[in-house]
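S.K.: kindly generate the corresponding structure for this input.
(chains A and B)
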Amino acid sequence: MPPKIAPFALFLAFSELALSGFGGVLPFAYRTLVERRRWLTPEDFAKLLAFSQVMPGPTICNLSVMFGYRASGIAGSAAALGGMIALPVAIVLGLGVAWHEFGTLPPVRRALTGMSAVVAGLILATATKMSRAVPRRALPISLSVAAFVSVGLMRLPLLAVIAFVAPIGILLAWREEW
Amino acid sequence: MVTSDSGESPSWSIVAPLFVHFALLSLTAIGGGVVMVAPEMQRYVVDSHHWITAEQFSAAFALAQAAPGPNFLYITLIGWEVAGWAGAAAATLAALGPPAALSVAMVHASTSRAPGRLARAVGKGLVPISVGLVFSTGWILLRGSGSWDRRAAMLALVAAAITLRTKINPVWLILAGAVVGAAGFV
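M.R.: Here you go, the predicted model:
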């Protein structure tokens, strides 16, 4: 259980950890909340993370909302979430504006092509790491392949695909019939 | 950037459906983060509506990954590309609002217990699908406008291999990609 924490203190703590988080905020969330400020025990953090991951939406934002709510009610959840996104949103939009300003210059354009290629590679690496959690059985693997073929290759609408394959996955996991 | 004919205010006929669609997508993003809905977002704003180009989409995605903070902020930048400041606000609120409301409801329901059997089944059961979708995101970013660029594909594979074999912070790889690109390799 987190102690009572003032919304402003939450805002500052979450701003700090969001800005430290180049290439992933989660490790910094652990460092700040558990190791430095000791607001959570490692077990509490793990539970909070488990909940954030089964909820839809951005995991780190769900974690901020839940932690903030427990520390200081609605004001606390708004403060934690606000801290998590306020400055990063400003930075991302600043990059967008700069890109519109200079994006037509050939070196900038080529730099962005290089960045896009690397980011595609990073995402593929993330997918590879995630795939280690897929049971090595025919059914779960075919769900992965079906999702890739229908959404990635055939460009079918995601919501239709999810409506079709998600119930199969959830039912199999519920009955543990992987 | 798409604006209304007058050029002074964003078109609500774009911002409203953008908000609704992104909010729905955010609610389906379970188990893979919001990175897994990027292919659908691209299909919606590029292929179906032609609001922005595939190149703009990839660039916005790459810029957002290079910035600090949560990695779902590519959605903010895509909203901005599509419909200016109102688009950025609509896309960000759509991505955050519904999950945040659900999270608050969740804390009310159970504060210290572990997730129940159904929640675990949902979490576990969607993992294979999320994996397929995150692969799709990598794939569409690589395909970009639809033409194969062998050198870009090579750069992506090298970046993926380094990420899988070392603990290097990805931001250095993104910077290296910018340098390699500016030097004219891709």
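S.K.: which residues touch residue B:38?
M.R.: By Cβ atoms under 8 Å, 6 or more residues apart in numbering or on different chains, the contact list for residue B:38 reads B:61, B:74, B:136, B:137, B:140, B:141. For glycine as for every other residue, the C-beta is placed from the backbone atoms N, C-alpha and C.
S.K.: can you name the residues in contact with the helix or strand bottoming out on mean pLDDT in chain B?
M.R.: Sorted by mean pLDDT, DSSP states H and E, the helices and strands of chain B end with helix B:117-125, the least confident at a mean of 81. Helix B:117-125 is contacted from outside by A:50-51, A:53-54, A:166, A:169-174, B:30-31, B:115, using Cβ under 8 Å, 6+ apart.
S.K.: coming back round to it: of the contacts of residue B:38, which are in range of chain A?
M.R.: B:61, B:74, B:136, B:137, B:140, B:141 (Cβ under 8 Å from any Cβ of the partner chain).
S.K.: what's the following helix or strand after the lengthiest helix in chain A?
M.R.: Secondary structure of chain A per DSSP state H: the longest helix is helix A:59-102. Sequence order places helix A:106-131 as the next helix or strand after helix A:59-102, per DSSP states H and E.
S.K.: would you mark the buried spots in the following helix or strand past that following helix?
M.R.: Following helix A:106-131 in sequence order, the next helix or strand is helix A:138-147 (DSSP H and E). For helix A:138-147, the neighbour count (16 or more other Cβ atoms under 10 Å in any protein chain shown) marks A:140, A:141, A:143, A:144, A:146, A:147 as buried.
S.K.: for the first one, give its distance to residue B:38.
M.R.: Distance of residue A:140 to residue B:38, given as Cβ to Cβ, to the nearest Å: 22 Å.
S.K.: just the third one next, same as before
M.R.: From residue A:143 over to residue B:38 the distance is 19 Å, taken as Cβ to Cβ.
S.K.: tell me which of the contacts of residue B:38 is nearest to residue A:103?
M.R.: The closest of the contacts of residue B:38 to residue A:103 turns out to be residue B:61 (Cβ to Cβ; 14.2 Å).
S.K.: the closest one: neighbour count?
M.R.: 27 (other Cβ atoms under 10 Å in any protein chain shown).
S.K.: how about the nearest residue to it, chain neighbours excluded?
M.R.: In space, and not counting its chain neighbours, residue B:61 is closest to residue B:74: 4.6 Å by Cβ to Cβ, 6 or more residues apart in numbering or on different chains.
S.K.: can you check residue A:74 too?
M.R.: Distance criterion Cβ to Cβ, 6+ apart; nearest residue to residue A:74, sequence neighbours excluded, is residue B:104 at 7.3 Å.
S.K.: quick check: mean pLDDT of the one helix or strand the one you found maps to?
M.R.: Using DSSP H and E, residue B:104 maps to helix B:74-109. The average pLDDT within helix B:74-109 is 92.
S.K.: stretch B:55-62 now?
M.R.: Stretch B:55-62 carries an average pLDDT of 91.
S.K.: do I have it right that residue A:112 meets residue A:98?
M.R.: No - using Cβ atoms under 8 Å as the test, residue A:112 is too far from residue A:98 to be in contact (11.1 Å).
S.K.: compare these two (neighbour count), which wins?
M.R.: When residue A:112 and residue A:98 are compared for neighbours, residue A:112 comes out ahead with 24 against 12, by other Cβ under 10 Å.
S.K.: let me know the distance separating that one from residue A:103.
M.R.: Distance, residue A:112 to residue A:103, by Cβ to Cβ: 7 Å.
S.K.: now for these two: what residues contact both?
M.R.: Common neighbours of residue A:112 and residue A:103 (Cβ under 8 Å, 6+ apart) are residue B:59.
S.K.: return the distance of the least confident helix or strand of chain B from the chain's centre.
M.R.: 24 Å (Cα atoms, centre = their mean, to the nearest Å).
S.K.: pull the CA atoms of it into PDB?
M.R.: C-alpha atoms of helix B:117-125 as PDB (Å, rounded to 0.1, in the frame of the first residue of the first chain):
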ATOM      1  CA  ARG B 117      -8.700 -16.000 -13.000                       C
ATOM      2  CA  LEU B 118     -10.700 -14.200 -15.800                       C
ATOM      3  CA  ALA B 119      -8.200 -11.300 -15.800                       C
ATOM      4  CA  ARG B 120      -5.300 -13.700 -16.000                       C
ATOM      5  CA  ALA B 121      -7.000 -15.600 -18.800                       C
ATOM      6  CA  VAL B 122      -7.500 -12.400 -20.700                       C
ATOM      7  CA  GLY B 123      -3.900 -11.400 -20.100                       C
ATOM      8  CA  LYS B 124      -2.500 -14.800 -21.100                       C
ATOM      9  CA  GLY B 125      -4.900 -15.500 -23.900                       C
END
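S.K.: next secondary structure after it?
M.R.: Next along the chain after helix B:117-125, taking DSSP H and E as the criterion, comes helix B:127-143.
S.K.: quick check: mean pLDDT of that following helix?
M.R.: Per-residue scores along helix B:127-143 average to 89.
S.K.: how far does the helix or strand that it is followed by sit from the chain's center?
M.R.: Along the chain past helix B:127-143, the next helix or strand (assigned with DSSP H and E) turns out to be helix B:150-165. Distance of helix B:150-165 from its chain centroid, counting by Cα atoms, centre = their mean, is 20 Å.
S.K.: what's the average pLDDT for helix B:150-165?
M.R.: 93.
S.K.: quick one: buried residues of it?
M.R.: B:152, B:153, B:155, B:156, B:157, B:158, B:159, B:160, B:162, B:163.
S.K.: for the helix holding residue B:104, name the packing helices and strands.
M.R.: On a contact count with 3 or more Cβ pairs under 8 Å, 6 or more residues apart in numbering or on different chains; DSSP states H and E, helix B:74-109 meets helix A:59-102, helix B:12-28, helix B:38-42, helix B:54-66.
S.K.: nothing else from me, thank you.
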